[in-house]
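>>> prediction below, plus the sequence it came from.
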Amino acid sequence: MNDTNLTAASSTALAVDPPANPDGKGVSGVMLDWHRSTPRGVVAKPPRQLLSELFTSLLVLSATFKSRPSVGAPRYLYWIDGDWSLSLIAPEEWSSERRAGFAGTCVLQPDMTWTIAPSQRLAEDNPVSDAVRRFYEGFVAMLDSDLALEEILPAHSNAIPYFRRLHAGALTRSLRASLQLGGQAATGAREWRALLPGGQNELLLQGA
């Protein structure tokens, strides 16, 4: 699927079923956000890269963030008080207590996947590396499914905040397009799980 077809598919989906709007945005604002989050430059990807981008993107989208992410602008992922948080504040600008929870620098790509340059703290034994390990274990469990990978990608849900929901939908559109371009559609999730590297840090570094 090329960029033109992807944009057309997104426009059709919006016309048929516009995103829910619990945050009080006008229809034109929602449509603009939808357009801004349209994946661009989607290409076929090697399996390890696709798995890495899925893992890192799901990790980022599990975090709390209140402003709209911009392509290419760095955000900083922290494990704070038992939750993931995506912040505009770099670790060197924060207190030592907050720096201790720094997991990595995240960048939104034009195709609406996220990459992470991991913090050196992830190579150590501490609460933030433990949190990433638990997330990785959940990721592996997610792939233990009879369904195809595209059937277990994050879907639209009113239960999560607006910008996270918007970008979860954008990630799904992007990865489905990559799977189609690479002839990987309908491949079972367990087949993908067999391609995982030995640990979570290898997946993070693969996408950095």
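Now that the structure is in, tell me what you want to look at.

>>> what about residue 84, how many neighbours?
A count of nearby residues for residue 84, using other Cβ atoms under 10 Å, gives 21. Bear in mind the C-beta positions are built from the backbone N, C-alpha and C, glycine included.

>>> residue 173 now?
21.

>>> what about it, distance to residue 125?
38 Å (Cβ to Cβ, to the nearest Å).

>>> residue 90 too?
Distance from residue 90 to residue 125, by Cβ to Cβ: 24 Å.

>>> out of these two, which sits in the more crowded spot?
Set residue 90 next to residue 125 and count neighbours by other Cβ under 10 Å: residue 90 wins out with 13 against 8.

>>> quick one: contacts for the closest residue to the more buried one other than its chain neighbours?
Closest residue in space to residue 90, ignoring its immediate chain neighbours: residue 76 at 5.7 Å, by Cβ to Cβ, 6 or more residues apart in numbering. Contact partners of residue 76, counting by Cβ atoms under 8 Å, 6 or more residues apart in numbering, are 86, 87, 88, 89, 90, 91, 102, 104, 105, 106.

>>> buried subset of those?
86, 87, 91, 102, 104, 105, 106 (16 or more other Cβ atoms under 10 Å).

>>> make CSV from those residues and add distance to residue 151, pLDDT and secondary structure to it.
Shown next, in CSV, are these (distance: Cβ to Cβ, whole Å; pLDDT from 0 to 100; DSSP: H, G, I helix; E, B strand; the rest coil):
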residue, distance to residue 151, pLDDT, secondary structure
86, 27, 96, strand
87, 33, 95, strand
91, 37, 95, helix
102, 34, 96, strand
104, 29, 96, strand
105, 31, 97, strand
106, 26, 96, strand
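
>>> just the buried residues of the helix ranked longest in the chain, please?
Ranked by number of residues, the top helix in the chain under DSSP state H is helix 162-181. Residues 162-180 are the ones in helix 162-181 that count as buried (16+ other Cβ under 10 Å).

>>> after it, heading C-terminal, what element do we hit next?
Once helix 162-181 ends, the next helix or strand along the chain (criterion: DSSP states H and E) is helix 189-193.

>>> now that next one, how far from the centre of its chain.
In terms of Cα atoms, centre = their mean, to the nearest Å, the centre of helix 189-193 is set 18 Å apart from its chain centre.

>>> show me what it is packed up against.
If you count contacts as 3 or more Cβ pairs under 8 Å, 6 or more residues apart in numbering; DSSP states H and E, helix 189-193 packs onto no helix or strand.

>>> show me which residues of that helix are buried.
Buried residues in helix 189-193, counting neighbours by 16+ other Cβ under 10 Å, are found at 189, 192, 193.
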